[in-house]
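Here is a sequence with its predicted model. Questions after.
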Amino acid sequence: MDLNLERPLVFFDIESTGLNIASDSIIELSFVKIHPGARQEVKTWRVKPWDYERQCQRPINPSAQAVHGISAEDLADCPTFYQIVDEVIGYLTDSDLAGFNSAKFDLPMLAEEIERVRKFTGKDIQINLHEMKMVDVQNIFHMMEPRTLKAAYMFYCGKDLENAHAAEADTLATYEVLKGQLDKYEGDPRIENNVDKLAKMSTKQKTVDYAGRLILGDNDEPVISFGKHKGKTAREVYFSEPSYFAWIDNGDFTLDTKRQFARLKAQYEEEKKAAAPKRTTAVPRTKGYTPFEGLGGLFAQDND
């Protein structure tokens with residue numbers, strides 16, 4: 001079954017130097033962009049993982065290399081993410097997203113690389129991944145048939161997944177699995193060939209930042225999900241302990257988390273200014289003195 005699309009849907013998968021979003025980097029990124037009408041574009045980049053602070057290539061964690069088989073030497077002549085970011089954004093613009101377990105790892109990692117370019121190069125990147133719909137095929141799979149990607153490929157597509165853990169193979173397999181899910185469960189009221197409904201179905205927890213430090217509570221109010229303020233709204237914490245936001249900005253958090261806290265801080269500061277009563281400053285009058293007109297009362301004239 002072809003996807004019912006109103007705008008392109010970009011399936012994507014990432015291989016990285018490790019699993020720490022704040023300190024690891026993308027080394028392989030694959031997009032399979034499906035347009036309305038089922039036309040598809042496939043693009044895969046090998047990326048030199050760059051440490052912007054130390055200005056050197058970031059090493060690959062041995063446990064990660066054991067999974068994907070990509071070495072530092074394989075990436076020595078590859079472009080950095082900064083060098084491909086315009087092309088990446090071009091594929092993402094005016095599209096929605098899909099992936100296998102991508103909401104928890106691949107999407108936050110992609111967002112972090114974009115934030116690094118913004119922070120360390122000053123490049124103005126006009127895209128907000130938080131505004132894009134995200135269809136997580138794994139969550140749909142686990143809801144319907146709890147298994148792994150390889151098992152999902154066999155279950156829905158009837159064949160073995162060759163070259164697993166290669167970004168392009170995993171990305172193409174994920175696309176085939178979603179189509180297989182729609183075929184298998186056609187007529188099931190729990191699933192529908194509609195990106196908006198698929199995104200809602202496959203997203204378990206609404207988060208403000210990809211790391212999940214801020215979640216959406218009642219009335220979509222941002223709520224802190226960890227530490228001493230767990231369960232409190234960000235608004236409540238800002239007005240009772242504004243220094244907490246500075247602690248976040250200086251702490252060991254992802255750049256995306258810091259960006260979302262900063263955005264909320266700016267919003268709350270504007271609300272605070274708007275609520276503050278306006279004050280008018282009266283010019284004190286001293287006996288025998290009259291303020292000069294046009295000088296704002298800064299000087300006085302002796303009338304004696």
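The structure has been received and is ready for your questions. Residues are numbered from 1 along each chain as shown.

can you give me the strands in the stretch 101-250 of the chain?
134-136, 214-216, 222-224 (DSSP state E, counting those that start in this stretch).

okay, these in CSV with distance to D51, mean neighbour count and mean pLDDT next?
Glycine gets a C-beta too; all of them are placed from N, C-alpha and C. Output for the strands of the stretch 101-250 of the chain, formatted as CSV (distance: least, Cβ to Cβ, whole Å; neighbours: other Cβ atoms under 10 Å; pLDDT from 0 to 100):
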stretch, distance to D51, mean neighbour count, mean pLDDT
strand 134-136, 28, 24, 96
strand 214-216, 27, 17, 93
strand 222-224, 30, 22, 96
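
Which one of those strands lies nearest to R118?
strand 214-216 (19.1 Å; Cβ to Cβ).

Can you name the residues in contact with that closest one?
205-208, 222-225, 234, 257, 260-261, 264 (Cβ atoms under 8 Å, 6 or more residues apart in numbering).

repeat for stretch 257-272
Here stretch 257-272 has contacts from 115, 208-211, 213-214, 222, 234-235, 238-239, 242, 245, 248-249, using Cβ under 8 Å, 6+ apart.

What is the most widely separated pair among these?
Longest span within the contacts of stretch 257-272, Cβ to Cβ: E115 and F239, 26.8 Å.

which of those two has more neighbours?
Set E115 next to F239 and count neighbours by other Cβ atoms under 10 Å: E115 wins out with 18 against 12.

Hmm, that one is touching A211, no?
No - at 11.7 Å, E115 does not count as touching A211 under the criterion of Cβ atoms under 8 Å.

list the residues that contact both of those two?
Joint contacts of E115 and A211 (Cβ under 8 Å, 6+ apart) are 254, 256.

which stretches of the stretch 151-300 of the chain form helices?
Residue ranges of the helices in the stretch 151-300 of the chain, as given by DSSP state H, counting those that start in this stretch, are 167-184, 195-202, 234-240, 243-250, 255-275.

How about the fourth one, which residues are buried there?
For helix 243-250, burial by neighbour count (16 or more other Cβ atoms under 10 Å) applies to 244-245, 248.

Would you mind pulling up the elements that it packs against?
If you count contacts as 3 or more Cβ pairs under 8 Å, 6 or more residues apart in numbering; DSSP states H and E, helix 243-250 packs onto helix 234-240, helix 255-275.

7 Å - rerun?
Packing partners of helix 243-250 (3 or more Cβ pairs under 7 Å, 6 or more residues apart in numbering; DSSP states H and E): helix 255-275.

Tell me the buried residues in the helix it packs on?
255-261, 264-265, 268.

would you list these in TSV and tack on distance to D51 and pLDDT?
TSV is the format used below for the buried residues of helix 255-275 (distance: Cβ to Cβ, whole Å; pLDDT from 0 to 100):
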residue	distance to D51	pLDDT
L255	14	96
D256	18	96
T257	20	96
K258	18	97
R259	20	96
Q260	24	97
F261	24	97
L264	29	97
K265	28	97
Y268	34	95
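
would you turn these into a markdown table with distance to F11?
Conversion of the buried residues of helix 255-275 to a markdown table gives the following (distance: Cβ to Cβ, whole Å):
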| residue | distance to F11 |
| --- | --- |
| L255 | 25 |
| D256 | 21 |
| T257 | 26 |
| K258 | 29 |
| R259 | 25 |
| Q260 | 25 |
| F261 | 30 |
| L264 | 31 |
| K265 | 35 |
| Y268 | 37 |
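
Out of these, which is nearest to D106?
D256 (13.3 Å).

Surely the closest one and V208 touch.
No - between D256 and V208 there is no contact under Cβ atoms under 7 Å: 9.6 Å.

Would you convert the helices of the stretch 151-300 of the chain into TSV that also reports distance to S30?
As requested, the helices of the stretch 151-300 of the chain are arranged in TSV below (distance: least, Cβ to Cβ, whole Å):
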stretch	distance to S30
helix 167-184	4
helix 195-202	20
helix 234-240	35
helix 243-250	33
helix 255-275	21
